[in-house]
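Chemist: Quick one, structure for this:
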Amino acid sequence: MKYFLIAGEASGDLHGAHLMHELKKLDAKAEFCFLGGDLMQAEGGKMVKHYREMAFMGFIAVIKNGKKLMNNLKECKKTLRNFQPDILILIDYPSFNLRIAKFAKKELQLPVCYYISPKVWAWKTFRIRQIKQYVDKMLVIFPFEVDFYAQYHYEVEYVGNPTVDAVFSSLNQNQTFEDFCIFNEIEKKPVIALLAGSRKQEISTCLPKMVETASQFNDFQIIIAGAPGIELEFYQAILENKNIKVVSEQTYQLLLHAKAAIVNSGTATLETALIGTPQVVVYSVAFGRLAYWAKNIFIKVKYISLVNLIANREVVKELIAHLFTVENLAKELKNLLYDEAYQTKIQEGYQEIKNILGDKGAAERAARKIIAFCEERKKN
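Modeler: Below you'll find the model as predicted:
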């Protein structure tokens, strides 16, 4: 069968690649055309557009890149029409993907599957109407999403969480801390890991406060997890000649060996929890205190981090908007590094999250359901 996939950022590229890998195992004649990244490209097929040309965060960035966004939509629609896939598979990235879903259904009469739901449970619930109208099958990755969609009389299926797969398949548990230090040419000194996000805008906003805070702890060395597609020079410009190491394509290994981590809200918070590293979650927004107040009106969930959302309680501290200060961050980091009872409490929360998410195999289960869905439609 022919599959057309759309992933608009780094995490989508990772999960899209795993899904493609499983589809190939089940379908020897699988053909792929996609918008994604290097990991999806490694699985084969034709890449229409790299996610680096698509990932714009925030209202201002979208306005500035409006022409590019429209061109991306136009090119995607043209390629989708020419490729004539058996199914369109969307991975998160709702602003773009729901427009393509509408086009695919109304203009091409294509079946549409969504793998990794937009976070409509957090905000923009108006998108549920579009999902019900243009998405034939929704495969979700958080158990609570099943009950959420049921409130709107829309049936979805939980297939497990692909982050569990990603961590399980990529983490080298046999690598010692000494091996890590030798490989990266760093001193054998305890590590504080900084995960500042995957987009340049959020990195430039969050990283300076992260570095200023972590620098107060002289018994530790700071190591930054380099995001996919972000050049080293970008980090160096922010660091202003500070002697801080940036490691790329080693985020899981960095977290494995770190004593604590400061993590920008996103998938990385869940990855950190699954690996077991004590963390504090941060998120920077413009107009801090005002934005924090507005959050209570527009955001439909109590927490912003996936860790706390899955547990439905505070497992890790969240410092967002005006609460994201060096003073608050230093206080929390001190607890993570030196308070053993606090560390134990976090680990108990992490185990709870692992139990809720279940076993690995999300990509395989999703692939089986997609193929079964396509075959059933062909019969009818």
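Chemist: rest of the way, CA atoms for contacts and neighbours
Modeler: Noted.
Chemist: so how far is residue 307 from residue 352?
Modeler: Using C-alpha to C-alpha, to the nearest Å, residue 352 is found at 10 Å from residue 307.
Chemist: Between those two, tell me which one has more neighbours.
Modeler: residue 307 (27 against 14; other C-alpha atoms under 10 Å).
Chemist: so how far is residue 69 from that one?
Modeler: 32 Å.
Chemist: got it, and residue 370?
Modeler: 28 Å.
Chemist: Look at these two and report which has more neighbours.
Modeler: residue 370 (22 against 18).
Chemist: residues contacting the more buried one?
Modeler: residue 113 (C-alpha atoms under 8 Å, 6 or more residues apart in numbering).
Chemist: rerun that using 10 Å as the cut-off
Modeler: Taking C-alpha atoms under 10 Å, 6 or more residues apart in numbering, we find residue 370 in contact with 23, 87, 89, 112-115, 137-139, 364, 376.
Chemist: any chance of those in JSON lines, plus neighbour count?
Modeler: Compiled in JSON lines, the contacts of residue 370 are given as follows (neighbours: other C-alpha atoms under 10 Å):
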{"residue": "23", "neighbour count": "25"}
{"residue": "87", "neighbour count": "20"}
{"residue": "89", "neighbour count": "26"}
{"residue": "112", "neighbour count": "25"}
{"residue": "113", "neighbour count": "23"}
{"residue": "114", "neighbour count": "27"}
{"residue": "115", "neighbour count": "26"}
{"residue": "137", "neighbour count": "21"}
{"residue": "138", "neighbour count": "25"}
{"residue": "139", "neighbour count": "24"}
{"residue": "364", "neighbour count": "22"}
{"residue": "376", "neighbour count": "10"}
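Chemist: any low-confidence regions in the stretch 151-300 of the chain?
Modeler: 286-300 (pLDDT under 70).
Chemist: residue ranges for the strands of it, please.
Modeler: Using DSSP state E, counting those that start in this stretch, the strands of the stretch 151-300 of the chain run over residues 157-158, 191-195, 221-226, 245-248, 258-264, 279-283.
Chemist: Which among these is found nearest to residue 317?
Modeler: Residue 317 sits nearest to strand 279-283 of all the strands of the stretch 151-300 of the chain, at 5.3 Å, using C-alpha to C-alpha.
Chemist: So what angle separates the directions of that closest one and strand 191-195?
Modeler: Put simply, strand 279-283 runs at 30 degrees to strand 191-195, going by axes from the mean of the first three to the mean of the last three C-alpha atoms, to 10 degrees.
Chemist: by contact count, what packs against strand 279-283?
Modeler: strand 191-195, helix 200-214, strand 258-264, helix 267-275, strand 318-320, helix 326-338 (3 or more C-alpha pairs under 10 Å, 6 or more residues apart in numbering; DSSP states H and E).
Chemist: in stretch 192-203, what's buried?
Modeler: For stretch 192-203, a neighbour-count test (16 or more other C-alpha atoms under 10 Å) marks 192-200, 202-203 as buried.
Chemist: What about the contacts of residue 370, which are in helices?
Modeler: If you go by DSSP state H, these have 23, 364, 376 in helices.
Chemist: and residue 29, how many neighbours does it have?
Modeler: For residue 29, using other C-alpha under 10 Å, the count is 11.
Chemist: thought it was touching residue 45?
Modeler: No - under the criterion of C-alpha atoms under 10 Å, residue 29 is not in contact with residue 45, lying 11.8 Å apart.
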